[in-house]
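> Structure of the sequence below:
(2 chains)
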2 protein chains.
Amino acid sequence: MTNDINEPTALDYAAGGGLLSRRMLLGTIAASGGAMAAGLAVPHRAGAQGVVPEWVTVAGHRARGYGMPAEAEAPVQRAIIEPWQDVAPEFSLSGTPLQRLRGTITPSGLHFEVHHGGRPDVDPDQHRLMIHGLVDRPLQFDLNSLERYPMVTATHFLECAGNSLVNAVMPEPLQAGCDVIHGLLSNSEWSGVPMSVLMDEAGVQPEGKWVVAVGSDGPSLARSIPIEKIMEDGILALYQNGERIRPEQGYPMRLLLPGFEGNMNVKWLTSLWVTDAPAHTKHESGEYTEILADGSSVKFTFAIGVKSLITHPSATMTMSGPGFYEISGLAWSGVGKVARVEVSADGGASWADAELVEPVLPRALTRFRMPWQWDGSPTILMSRAHDDTGALQPARPDWKARYHPSNFLHYNAIQPWNVTAEGEVQNVYL
Amino acid sequence: MTNDINEPTALDYAAGGGLLSRRMLLGTIAASGGAMAAGLAVPHRAGAQGVVPEWVTVAGHRARGYGMPAEAEAPVQRAIIEPWQDVAPEFSLSGTPLQRLRGTITPSGLHFEVHHGGRPDVDPDQHRLMIHGLVDRPLQFDLNSLERYPMVTATHFLECAGNSLVNAVMPEPLQAGCDVIHGLLSNSEWSGVPMSVLMDEAGVQPEGKWVVAVGSDGPSLARSIPIEKIMEDGILALYQNGERIRPEQGYPMRLLLPGFEGNMNVKWLTSLWVTDAPAHTKHESGEYTEILADGSSVKFTFAIGVKSLITHPSATMTMSGPGFYEISGLAWSGVGKVARVEVSADGGASWADAELVEPVLPRALTRFRMPWQWDGSPTILMSRAHDDTGALQPARPDWKARYHPSNFLHYNAIQPWNVTAEGEVQNVYL
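Now for the predicted structure:
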């Protein structure tokens, strides 16, 4: 490298702490264009390679039926999160390693898990879905019969209502990675039958206002869903990222309610009971109800709030010295599209708009990116998202003020990352 | 079911052979809306289920680090295609089982393979990428150094220039599935560093008009690429569907040239040599050059032509009796977006526009869907795609007339599927 990273030329700053104009992301054939051409050198750390690698000198492996990641990527796994004391061991969780991933699609093998009774071994030939209750024609479906129905395809995130709970309830910030702190969040391309088509065939009666969805797992997880949401964009999801839904995500079929908290997207779906009122199952009344500061409870909170997270760099990472970095992260909202993401590299003193990677889809993860020239001094990185309803991601004190200290549900506060002079990235509260 | 599939009511036809208006795809809460409410019954074949399934009565499995498809899905594999006689066994191919998939994303484990020398075991720590030749600053990168660069994310298809070759050269239509006939086609979300950023840092000299890309595999597969394409939208791809690129797709890094024939997207990329003229490597002159009808050769054919394929139903499938079906398929073009897909259910006598599933992205697979009421009589299903440059997918006789009988490259003709009275779906030529 001929460039001196300590004296970059022709820099175009957007905010404090070294945030650069998004124009610095644009490479052009003109030598004057682009962050790198402007002298933002990255140390390549690429030693001379004197010999032809051994693998170039031999014949490689033949084609195989189903591929797997490279052996060197074996450490890229979901973080197994041990359940807290008073929960049965079958209540198991694993977090997506967001800090190891790029783009927006979550590989199906790394999609987060929250199982109230473990992952059942469902026999797809024996599995049935029943639509009953306040309908003109009760219906029962097997997997094959659904293959002839109209199918839609849409990319949507799923987030557990309890995601980021350690930041919500721990008095001191936990020093762990995005997989442990924020990993109950994933994004997939789902394909399946529109719920409205199945409900029309069954013929929902006028007094049918709610649908109680029940899963075919040990606890028979059950949630009450307003009929309006079922008809608006509910999907009986049969495929995930092109192939059949994985066992962890409800094989052979799950309910998908775009933007609603994870557990309402009932896995291993076996029954849709049309009723005139919610069932107040223990899963909705006892496990997924927030307690407000005044001690009152929020009966039903369905949609995930607007939220964002810087994944690169993030806690447990160590930066490789001063110079150019691209800050990269994810933003999402359960009520619409991400409209804007702001990034601060000086602890919130100044903010600049990040670039949103197209296509920005409703109720789907959106990748944002921001060029940054780190001068090597300690600082704090933050991101805050706005959605197209005008909602803004709150700061932690504002979120905490709304809820009872014990509440850990629907935590969507700003995540600050502290960067030390040594380049260590740490979880902090602001 | 109370509906009589032989006497559907309130049907709205769009063309011959039972093609229905796309409005029949819309389910609404009004009992009059939607194909199913209109009486398009699907036989559910769902026998009574008298007992609680065993799996609901026991605790399920705990969370695991990396998930896999359900055991019942084990048959969903890539089709291993044996190389023809005069090719080394290391020249191995496998086809994506398009007839078993839905949506548009190809699961990374099922992405097609074409390896000229097999799949190498590349050590990511030892791998290097060099940019050299007509540049001001020759550069060498290791995998870690690239993590600090700006990264873009985009969904693009890859198709082998030899895809569908059996339809191109076999005198009689091969009776095989989409995996064998058309499976050298996949679609992924790719993330990586824009080539323009790396080229700007190297400083391409005015006489640098071509880039020779070389792979780190046994044959050192090499292709010459116009510098304009490299700078316009070339990507050094490091991630595929969120995680590190799979070994079959070039781990740890490959060149991605959106819309260009598969082999030019050089896998296991190790060298980018900027030159003033193409290198005429054997892979471009000897293996990927089409012969025209008059015996002349096409020196360079880079972009994949506009093409479409009905995947549901398709050859080797047997339909489960008369009644409602959704015809579903894929369309794509290497030069832009799919603008329109027409479907015929009467062997081309009449056509109707299919619905394109949003978002329709440039140089990416687009899913199309068309409601169909099959009356049980023999017929032929076809689809033809238009792209936003005005190009139309050709019929097989028109395609064959352009090339020498031996040519099997860039076959993009219409695929007719013959449906017998017994519901068998067969490959035919028209």
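> pretty sure residue A:272 belongs to a strand, no?
Yes. Judged by DSSP: H, G, I helix; E, B strand; the rest coil, residue A:272 forms part of a strand.
> Distance check, it against residue A:96.
From residue A:272 across to residue A:96, the span is 28 Å (C-beta to C-beta, to the nearest Å). Every residue, glycine included, has its C-beta placed from N, CA and C.
> ok, now residue A:140?
35 Å.
> Next: residue A:215.
21 Å.
> again with residue A:347
28 Å.
> These two: which is more packed in?
With neighbours defined as other C-beta atoms under 10 Å in any protein chain shown, residue A:347 and residue A:96 compare such that residue A:96 has more, 24 against 17.
> That one: what's it in contact with?
Contacts for residue A:96 (C-beta atoms under 8 Å, 6 or more residues apart in numbering or on different chains) come out as A:78, A:106, A:110-112, A:179, A:183-186.
> what do you get if the cut-off is 7 Å, keeping everything else the same?
By C-beta atoms under 7 Å, 6 or more residues apart in numbering or on different chains, the contact set of residue A:96 is A:78, A:106, A:110-112, A:179, A:183, A:185-186.
> got the residues of the stretch 301-430 of chain A near chain B?
A:324-326, A:328, A:357, A:359, A:361, A:367, A:369, A:371 (C-beta under 7 Å from any C-beta of the partner chain).
> By neighbours, which of those residues wins?
Neighbour counts for those (other C-beta under 10 Å) peak at residue A:371, which has 28 neighbours.
> For it, grab phi and psi.
Note on residue A:371: backbone dihedrals following degrees, to the nearest 10 are phi -80, psi 140.
> quick one: it and residue A:24 touch, right?
Yes. Here residue A:371 lies in contact with residue A:24, judged by C-beta atoms under 7 Å, at a distance of 4.5 Å.
> so where do the helices sit in the stretch 101-250 of chain A?
A:143-146, A:165-169, A:178-182, A:195-202, A:227-233 (DSSP state H, counting those that start in this stretch).
> In space, what's closest to residue A:426 - neighbours in sequence excluded?
With sequence-adjacent residues excluded and distances taken as C-beta to C-beta, 6 or more residues apart in numbering or on different chains, residue A:426 is closest to residue A:418, at 4.3 Å.
> Tell me the bridge partners for that neighbour.
Beta bridges link residue A:418 to residue A:380, residue A:426, judged by DSSP bridges.
> give the contact list for the closest residue to residue A:225 other than its chain neighbours.
In this structure, residue A:225 finds its nearest non-sequential neighbour in residue A:211, 4.9 Å apart by C-beta to C-beta, 6+ apart. Each residue near residue A:211 by C-beta under 7 Å, 6+ apart is listed here: A:225, A:227, A:230, A:272-274.
> hmm, try it at 8 Å
A:224-227, A:230, A:272-275.
> how about the one residue in the stretch 101-250 of chain A that gets nearest to chain B, what does it touch?
Shortest the stretch 101-250 of chain A-to-chain B distance, computed as C-beta to the nearest C-beta: residue-wise this is residue A:118, at 2.7 Å. By C-beta under 8 Å, 6+ apart, the residues touching residue A:118 are A:90, A:92, A:217-218, B:59-62.
> quick one: which of those is nearest residue B:343?
When the contacts of residue A:118 are ranked by distance to residue B:343 (C-beta to C-beta), residue A:217 comes first, at 39.9 Å.
> Kindly confirm whether my reading is correct that the closest one touches residue A:268.
Yes. Between residue A:217 and residue A:268 a contact is recorded at 5.3 Å, counting by C-beta atoms under 8 Å.
> Neighbour count: the two, which is higher?
residue A:268 (27 against 24).
> any idea how far residue A:113 is from that one?
In terms of C-beta to C-beta, residue A:268 sits 13 Å off from residue A:113.
> can you give me the strands for the stretch 151-300 of chain A?
Per DSSP state E, counting those that start in this stretch, the stretch 151-300 of chain A carries strands over the ranges A:152-159, A:185-194, A:210-215, A:222-226, A:235-240, A:243-244, A:254-256, A:269-275.
> distance between the fourth one and the chain's centre?
Put plainly, it is strand A:222-226. Remark: strand A:222-226 is offset 22 Å from the chain centroid, using C-alpha atoms, centre = their mean, to the nearest Å.
> Any buried residues in that strand, and which?
For strand A:222-226, burial by neighbour count (16 or more other C-beta atoms under 10 Å in any protein chain shown) applies to A:222-225.
> so where's chain A uncertain?
For chain A, the stretches flagged by pLDDT under 70 are A:1-10, A:26-50, A:83-86.
> can you do 90?
A:1-13, A:21-52, A:82-91, A:282-290, A:297-300 (pLDDT under 90).
> middle-most residue in it, spatially?
Centroid-nearest residue in chain A: residue A:185, 3.0 Å away (criterion: C-alpha atoms, centre = their mean).
> Quick check: it touching residue A:101?
No. Applying C-beta under 8 Å as the test, residue A:185 and residue A:101 come out as separate, 10.9 Å apart.
> Do I have it right that residue A:406 meets residue A:169?
Yes. Contact between residue A:406 and residue A:169 holds when scored by C-beta under 8 Å: they sit 7.2 Å apart.
> Between those two, tell me which one has more neighbours.
The residue with more neighbours, out of residue A:406 and residue A:169, is residue A:169; 13 against 9, by other C-beta under 10 Å.
> Hmm, the more buried one is touching residue A:403, no?
No. Residue A:169 is beyond contact range of residue A:403, at 10.0 Å (criterion: C-beta under 8 Å).
> most neighbours per residue, which of the helices of the stretch 101-250 of chain A?
Compared across the helices of the stretch 101-250 of chain A, helix A:178-182 shows the largest average neighbour count, a mean of 26 (mean count of other C-beta atoms under 10 Å in any protein chain shown).
> Distance from it to the middle of the chain?
10 Å.
> again, but for stretch A:400-414
18 Å.
> Could you do stretch A:374-385 as well?
A distance of 22 Å separates the centroid of the chain from that of stretch A:374-385, by C-alpha atoms, centre = their mean.
> That stretch: which residues count as buried?
Result for stretch A:374-385 [16+ other C-beta under 10 Å]: buried residues A:374, A:376, A:379-385.
> hmm, back to that, export the strands of the stretch 151-300 of chain A to CSV and append columns for distance to residue B:250.
Formatted as CSV, the strands of the stretch 151-300 of chain A follow (distance: least, C-beta to C-beta, whole Å):
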stretch, distance to residue B:250
strand A:152-159, 24
strand A:185-194, 22
strand A:210-215, 40
strand A:222-226, 43
strand A:235-240, 24
strand A:243-244, 21
strand A:254-256, 33
strand A:269-275, 38
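> Nearest to residue B:333, out of those?
strand A:152-159 (18.9 Å).
> quick one, the closest one and strand A:185-194 angle?
Strand A:152-159 runs at 150 degrees relative to strand A:185-194, counting by axes from the mean of the first three to the mean of the last three C-alpha atoms, to 10 degrees.
> Tell me how chain A divides into domains.
Chain A breaks down by automatic domain parsing into domains covering A:110-279, A:307-427.
> what's the span of the first one, first residue to last?
With C-alpha to C-alpha, to the nearest Å as the measure, the first residue of domain A:110-279 is 33 Å from its last.
> can you give me how far it is from the chain middle?
16 Å.
> same thing with the last one?
How far domain A:307-427 lies from its chain's middle: 13 Å, per C-alpha atoms, centre = their mean.
> does stretch A:184-200 come close to chain B?
Yes. Applying C-beta under 8 Å from any C-beta of the partner chain, one finds stretch A:184-200 in contact with chain B at A:189-191, A:194-200.
> Quote the end-to-end distance of that stretch.
Per C-alpha to C-alpha, the first residue of stretch A:184-200 is 34 Å away from its last.
> for stretch A:75-90, same thing?
First-to-last residue span, stretch A:75-90, C-alpha to C-alpha: 24 Å.
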